[in-house]
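> Pasting the sequence and the predicted model now:
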Amino acid sequence: MVSTNYPPGPGFRDRLRNPGLLRLTTHEFLQRNARTYGDLVHYKAFGRHVFQFNHPEMVQEILIRDAAMHHRGIVMQRAKFVLGEGLLTSEEPLHMRQRRLVQPAFHRQRITAYGETMLQFAGEMTERWTSGATFDVHRSMLQLTLRITGKCLFDSDVESEVQTISDSVTAFMGFLPLAFLPFPQLVLKMPFGFVQRIHKSQKKLDAMIYGMIAARRRSAEDHGDLLSMLLASTDIEGGTGGMTNQQIRDECLTLLLAGHETTANGLSFIFFLMAQHPEVLERVCAEANEAFASETSGALRTAAEIYDRLRYTQRVVSEALRIYPPVWVTARAVETSYVYRGLSIPTGSLLLVPQIAIHRDPRFYPEPMLFDPDRFLPEIAADRPRYAYFPFGAGSRICIGENFAWMEAVLVLATVARNWRLRFPDAAPKELALSAQISLRPKNGVVLSAIRR
Ligand code: HEM
């Protein structure tokens, strides 16, 4: 029997209390819904049915089993104004075709090679730190991850462009909360300050990326990186004989933005937790010293060999991304009405699968706000359902940069831990203020001082 008796959920008054009323949702709201109403929650927002799924089995059902019934949520559709038809925003069949083209840049051997750049740039960054000085780690991480992404994927040092790109990301994020507005094209023609900032940012980013593409086309040199691969690709199915500049621009912009912001946020959360738990940083330091030590033969270890030895450090990263998942909710929109667990889900419904609520569910993580990397010891993790942890999503749209991000986060943390202790300049804050737009970010940065060992 198909039912239209919707599951329980917050009413209009609860929605009014939602601190992000002008947005479709906030992370506090989703967590409260999960605690109050259980595994399946329903409410209406701006005339749409919204379903929230709070159980690991449902993660599998929505993101994998029923994936063909959905398309990207409204926010990603609106993000097309900025990102065009890149991997993050495109729909099938374009998405699969593009994913196959981009995938080789993320193969194991490539990631292994990127590891060397990650170590080099992380080392250069920490060499510029002044012992005892106070600084915003989030800002430093944005610069570092942007430099790493630019070098690994486009063989280009974007250091001088870092400010432009960071400002542009912030300007875009300002637009996306308004994604539910019915006529975003009109909003983008209005003389509002934030609209002007978006257009300005877009122009600057386009100039940078089209400049990169033009220079590479002119040199016709194969750098063996993502950009050379995209330029060499022939879009056989599309019959166009090659990707257009616009398609290459969309893909490059998507990877540059998606590739640096989430990882920088993740690293900022990690360093916040390290300042809160200095004993954990000491253990990471000890492990890193052993992992980096050259073999008796005197040969230096490769980044990949170092990474494989950093098992505890990997658990620290896992636990940080559990408590603070940089992608805090995965959204989908229903293409045509279908039946889920006997319930009729109407066309256009918004489906929310919140990492932040499932990662903090005491059924799977007792005392969920306690930072305990040993939750990720293989024997302990084996007792949890498969999708109780999914910081990189699941299914055909799973993060293409997952292995890149693991390598980067683990190697950067180990590099810092070897030479630096981290302290809060004042009393240690109990909580970190968060801003949750497309990604989860520290609201006011992460201000720390680093003391040389
Ligand atoms: C800690 C760091 C990162 C986190 C937590 C993260 C998380 C995610 C998640 C959850 C998704 C799936 C979204 C969905 O299903 O709607 C995703 C997709 C994606 N990520 Fe990441 N990501 C990270 C780093 C990276 C990096 C380093 C890159 C590239 C260098 C990257 C590129 C992408 C792209 C292109 C997609 C779209 C994939 C597709 O739809 O086929 N991400 N990411």
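Nice, thanks for sending it over.
> From now on I want contacts and neighbour counts done on CA atoms only, so please keep to that.
Will do.
> Against residue 258, how distant is residue 158?
Plainly put, residue 158 is 15 Å away from residue 258 if you go by Cα to Cα, to the nearest Å.
> What of residue 330?
For residue 330, the distance to residue 258 - Cα to Cα - is 14 Å.
> Likewise for residue 309?
Separation of residue 309 from residue 258 (Cα to Cα): 28 Å.
> Who has more neighbours out of those two?
residue 258 (18 against 15; other Cα atoms under 10 Å).
> Now do the buried residues in the strand or helix carrying that one.
Per DSSP states H and E, residue 258 falls inside helix 245-276. Neighbour-count burial for helix 245-276, with 16 or more other Cα atoms under 10 Å as criterion, is recorded at 247-276.
> what do you get for stretch 362-381?
In stretch 362-381, residues buried by neighbour count (16+ other Cα under 10 Å) are 364-365, 371-373, 375-376, 381.
> Those also near the ligand: which ones?
Near the ligand, taking Cα under 6 Å from any ligand atom as the test, no member of the buried residues of stretch 362-381 is found.
> Let's see which of those residues end up in helices.
Mapping those onto helices (DSSP state H) picks out residue 381.
> and the residue in the stretch 151-300 of the chain that the ligand sits nearest to, what is it in contact with?
Residue of the stretch 151-300 of the chain nearest the ligand, by Cα to the nearest ligand atom: residue 259 (3.4 Å). For residue 259, the contacting residues are 145-146, 149, 401, by Cα atoms under 8 Å, 6 or more residues apart in numbering.
> Which ones, among these, also lie beside the ligand?
Answer for the contacts of residue 259 near the ligand (Cα under 6 Å from any ligand atom): residue 401.
> Any chance of TSV for the contacts of residue 259, columns pLDDT and neighbour count?
Converted to TSV, the contacts of residue 259 look like this (pLDDT from 0 to 100; neighbours: other Cα atoms under 10 Å):
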residue	pLDDT	neighbour count
145	94	28
146	91	26
149	92	25
401	95	18
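> Restricted to helices, list the contacts of residue 259.
Filtering these for helices - DSSP H - leaves 145-146, 149.
> Show me which residues of the stretch 251-400 of the chain are close to the ligand?
Contact residues (Cα under 6 Å from any ligand atom) of the stretch 251-400 of the chain with the ligand: 255, 258-260, 262-263, 266, 326-327, 330, 391-393, 397-400.
> hmm, back to that, closest to the ligand out of the ones in helices among the contacts of residue 259?
For the ones in helices among the contacts of residue 259, the nearest to the ligand is residue 149 (6.3 Å; Cα to the nearest ligand atom).
> Residue 254 is in contact with that closest one, correct?
No - the pair residue 149 / residue 254 is not scored as a contact, 11.4 Å apart, by Cα atoms under 8 Å.
> those helices in the stretch 151-300 of the chain, which residues are they?
Using DSSP state H, counting those that start in this stretch, the helices of the stretch 151-300 of the chain run over 162-175, 184-187, 193-219, 226-232, 245-276, 278-292.
> averaging pLDDT over each of these, which comes out lowest?
In terms of mean pLDDT, the lowest-scoring of these is helix 184-187 (a mean of 68).
> Residue 128: how many residues sit nearby?
By other Cα under 10 Å, the residues close to residue 128 number 8.
> what's the pLDDT at it?
You'll see residue 128 listed with a pLDDT of 94.
> Angles on the backbone of it, please.
phi -90, psi -10 (degrees, to the nearest 10).
> Please determine how far it is located from residue 122.
10 Å.
> what about residue 441, which helix or strand?
Per DSSP H and E: strand 440-442 holds residue 441.
> average pLDDT across the next helix or strand after that strand?
Using DSSP H and E, the next helix or strand after strand 440-442 towards the C-terminus is strand 447-452. In this model, strand 447-452 carries a mean pLDDT of 96.
> and strand 447-452, which strands flank it?
strand 134-136 (antiparallel), strand 420-423 (antiparallel) (DSSP bridges).
> Can you give the contact residues for that strand?
Everything outside strand 447-452 that qualifies as a contact, by Cα under 8 Å, 6+ apart, is 129-138, 275, 419-425.
> Just the buried ones from those residues?
129, 134-135, 137-138, 275, 419-424.
> Just flag the most distant two among the residues you listed.
Within the buried ones among the contacts of strand 447-452, 138 and 419 form the most distant pair, 18.8 Å apart (Cα to Cα).
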